[in-house]
Each structure stands twice: as C-alpha cells, then as structure tokens.
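Participant: Let me see the structure of the following:
(2 chains)
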Amino acid sequence: MAANPMTQFEVYRIGPEIKIGAFDISFTNASLFMIVSSLAILVIFNLGAKKNSMLPGKIQLLAELSYTFVSKMISDTAGSKAKPYFAFIFSLFMFVLFCNMFGMIPYTFTVTSHIIVTFVLAAFIFIGVTIIGFIKHGFGYLKLFVPSGVPIVLLPLIVVIEIISYLSRPISLSVRLFANMMAGHTMMKVFGGFVISLGIVGGWLPLTFSVALTGLEILVAFLQAYVFAILTCIYLNDALNLHH
Amino acid sequence: MIRKYFFQLIFLYLFFSKEVFAAESGGMPQLDPEFWVSQIFWLTLVFGILYIVLSKLILPKISANLELRKSQIQENIEAADKQRKNSELKLKEYDDIILKSKLESKNLFNETREKTLKNINIKRDTLEKQIDEEIKKAETEIEQLRKSAPEKINKIAIETSSEILKNLIGTEINNSSISAIVDDLYRKNGGKYYGN
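Facilitator: Numbers count the residues shown, from 1 in each chain, chains lettered A, B, ... in the order given. Next comes the predicted model:
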C-alpha cells in the first residue's frame, strides 16, 4: 500500500527497444496515449465533418462548436491576420485538451504532465512565433522590447525586463501546463491513498475530497488547454500586430 | 471522541506516508531523461500527423459545412424576404383592384342614375308637352264652343220665339224681324249672360 503518488508519471517501454543511432525512441505508454488522444480527436472530428445536415447531429454540433470556439478565440486575441495559423492552434488546443482529459481516466497516463512534452510544444511555439515576427517586421520586431511612452531613464531597465520576459515565455508556458497537471494528479492520488488507508471508518472525508477534486481537475484540464491555446494566440498577436 | 480519533488517524497517516514517500521516491519521473528523446520523437510524429490530417482533411470540411449552412440560411432568408415582398405586392394589387372596382361601380351607379333621371325627365317633358297640347286643344275647343254658343242660343231663341209666336198668333212671322229683336237684346244684355 501507500503507493508513491509519483509512480503514475513513470514512463515505461511497451514492446521492444527501438534505437536510432544513440537515441532511444522506443514506444512507451506516453507514445500510446499521444496516439490514443490523437486518434480520438481524428475520429470525433472526422465523424463531425462527414455529413453536413441542415440540422446538425450531436457529433457534428460538437465539431462545429469547437471549430467556432477556437476560431472566435483566435480572431478575438490575434485578429484576422492569424487565420493561416488556425489549423495549428486548433490542433494544439485539441491535442492538449484530449491528453489532459484522457489523463483523468483512472490508470491512464497523462501526456501533458511531463515537462519535456509541454516544453517541446512551448519551444516550438516560441521559435515559430519569433520567426514569424522577424519575417513580418524584420528587425522592427525588436521594437517589441521597447515599449512606447517609457521615460528614457527607465528604458534600459524596461528593455532588460522585456527581454527576460520574452525569453521566459516557453518556460512559463510549459511549466504552467506541466505543473498544473502533475500537481492535480498527485493530489488526487494522495487523497485516493487516504481513502484506502483510513478504511471504512475515516475514508469518507478524503473520498468526498477526491470526488470534488475530480471535478476540479476536469475543469483544470479544460482550463489549462484553453490557457495554453490562448497564450499561443497572444504571442502570435505580438508577432503579427506589433503594437508597441 | 470519534472525531478526535479520526483526526489523529489522518495526522498519523500523513506522518507515515511522508516517511514512506521519502523512502520510496527517487524524485519526479518527469526529470528522468531516459525517455526524453523517445517522447520528443513520438510527440513530433503524432502531433505532426494530427496537424496535417486536421488541417488538410477535416478542418476544411467543417469550414465548408459551416459556410454552406450559413449561405443556405442566408438564401432562405432572402427567399422568404422576396416572397414576403411578393405577397405584399399582391396584396397591394388586390387592394387596388378592389378600390378600382368600387370606383367603377360608383361610376356605373351614377351613370345609370343620370341616365334614368334623364329618361324620366325626357318622358316627363314629352308627357307635359302632350298634356299642354291637350289642354290647349281643349281650351281652344272650349273657346270655340263659347264663341259659337251665343249664335246658337240666338238661333234657338229666334226659332223658339217664332214657334211660340206662330202658336200664339197663328201666323207666320218673318224670321228676320225676330232675329233683329234678338240681336238687339243680345247687344243690350249679352254681357250679362255671357260674361267673359
């Protein structure tokens, strides 16, 4: 008993060890849940896009509502110029959301609770946004670090702070998602452990907590996916429409 | 008592489990770089495929569906608007027709009334004329009769006088002398009997 609440985050190999050069790219439980989440997204949205009836069915409505939800989110935060990046942000949002949600099923693995996964996503976004910014504005993109209306005396300090905040974007983006998922799942595991150890006498209180936490974690799973996507939109907005 | 026991149990558990964690855990599995490359590889692969399939196959379809529905709804609204306008036009036409026919019937009524009035007037006029003529004829006849009446009376008077005289005297008396007397009387008292 008293299983380590961190064991749920352990990655283990499924099947044989695959190696390319010095790199181990074996199929793991993390890979499995990435594939499961992606397949679920593809199946649901394919069904939703398949037939177009004037009065949408449940799945079609789900697909279309998600589409308009993400589309509205992008146009609200990044304007109409962000339209070419719609598919990327949509896939990103859905991937994170489905990974989070699959993690809520007991005995599953939460892909997004691993810093390396969220960091790769965040780093890709960071590099992509920076490249887009420099393509759109050339060296004028560096004006992002020089806010207008700041007194000359404060300018060196502000510029340094802006640069640090810009460079810490991938870290904050990835750590936010990873920490939220890990903390939530650890907490649920701990409370689940309490239920077992306190037994029929005292187990009811942690059980109540556990039920409440499950609801909270489902909310967090959605919220973190939303935050991840909307921050991507905000970064994209900085690169597309240089406001400073 | 039970509550106290319960909380004691929880604290005890927390204490022990902390000990257990400290003994068991070798830190966060997330920070173990053993499977990092594998995760990066599979994430890139899976997310890449997901992105390509979504952006090339599924999202355009959903977008097309939404556009189609939007345009269809727009079309329906436009058609409904058109039909409404049409029906309004028809209603106006119908109202016009009713108004026109009302006016026509009024005209017709007025015309016929005038015609009948005219007819009546004409007929009355002709009737009045006829009546006038008749009256005139009658008047002339009366006048003639009146004019001829004294002569006839005179004649009768002469004849009756001569007859009476013949019966009284027994002899034939010349009519001319009687007529002279009658004429004389007539001239004297004519105004009294035949006053005009």
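
Participant: would you list every one of the helices in the chain?
Facilitator: Using chain A. Secondary structure of chain A by DSSP state H: the helices cover A:29-50, A:58-78, A:86-103, A:115-137, A:155-167, A:169-202, A:204-240.

Participant: Actually, chain B is the one I wanted.
Facilitator: B:2-24, B:36-53, B:59-169, B:175-193.

Participant: Which of these sits closest to A:I35?
Facilitator: Nearest to A:I35 among these is helix B:36-53; the distance by Cβ to Cβ comes to 5.7 Å. (Glycine included, C-beta is placed from N, CA and C.)

Participant: How far off centre is the closest one?
Facilitator: In terms of Cα atoms, centre = their mean, to the nearest Å, the centre of helix B:36-53 is set 78 Å apart from its chain centre.

Participant: Can you name every helix or strand that it contacts?
Facilitator: Using 3 or more Cβ pairs under 8 Å, 6 or more residues apart in numbering or on different chains; DSSP states H and E as the contact definition, the elements that helix B:36-53 packs against are strand A:23-24, helix A:29-50, helix A:86-103, helix A:115-137.

Participant: Correct me if wrong: A:I125 contacts A:L173.
Facilitator: Yes. Checked against Cβ atoms under 8 Å, the pair A:I125 and A:L173 is within contact range at 7.0 Å.

Participant: Overlap of the contact sets of the two?
Facilitator: A:T232 (Cβ atoms under 8 Å, 6 or more residues apart in numbering or on different chains).

Participant: circling back: point out the most buried one among the helices of chain B.
Facilitator: Per residue and on average, the most neighbours among the helices of chain B fall to helix B:36-53, with a mean of 18 (mean count of other Cβ atoms under 10 Å in any protein chain shown).

Participant: Restricting to C-alpha, output that helix in PDB.
Facilitator: Included here for helix B:36-53 are C-alpha records, laid out as PDB according to Å, rounded to 0.1, in the frame of the first residue of the first chain:
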ATOM      1  CA  TRP B  36      13.000  12.200 -23.300                       C
ATOM      2  CA  VAL B  37      14.200  11.600 -26.800                       C
ATOM      3  CA  SER B  38      11.500   9.000 -27.200                       C
ATOM      4  CA  GLN B  39       8.800  11.400 -26.000                       C
ATOM      5  CA  ILE B  40      10.100  14.200 -28.300                       C
ATOM      6  CA  PHE B  41      10.200  11.800 -31.200                       C
ATOM      7  CA  TRP B  42       6.700  10.400 -30.700                       C
ATOM      8  CA  LEU B  43       5.200  13.900 -29.900                       C
ATOM      9  CA  THR B  44       6.600  15.300 -33.100                       C
ATOM     10  CA  LEU B  45       5.400  12.400 -35.100                       C
ATOM     11  CA  VAL B  46       1.900  12.200 -33.600                       C
ATOM     12  CA  PHE B  47       1.300  15.900 -33.400                       C
ATOM     13  CA  GLY B  48       2.600  16.400 -36.900                       C
ATOM     14  CA  ILE B  49       0.300  13.700 -38.300                       C
ATOM     15  CA  LEU B  50      -2.600  15.100 -36.300                       C
ATOM     16  CA  TYR B  51      -1.900  18.600 -37.600                       C
ATOM     17  CA  ILE B  52      -1.600  17.500 -41.200                       C
ATOM     18  CA  VAL B  53      -4.800  15.400 -41.100                       C
END
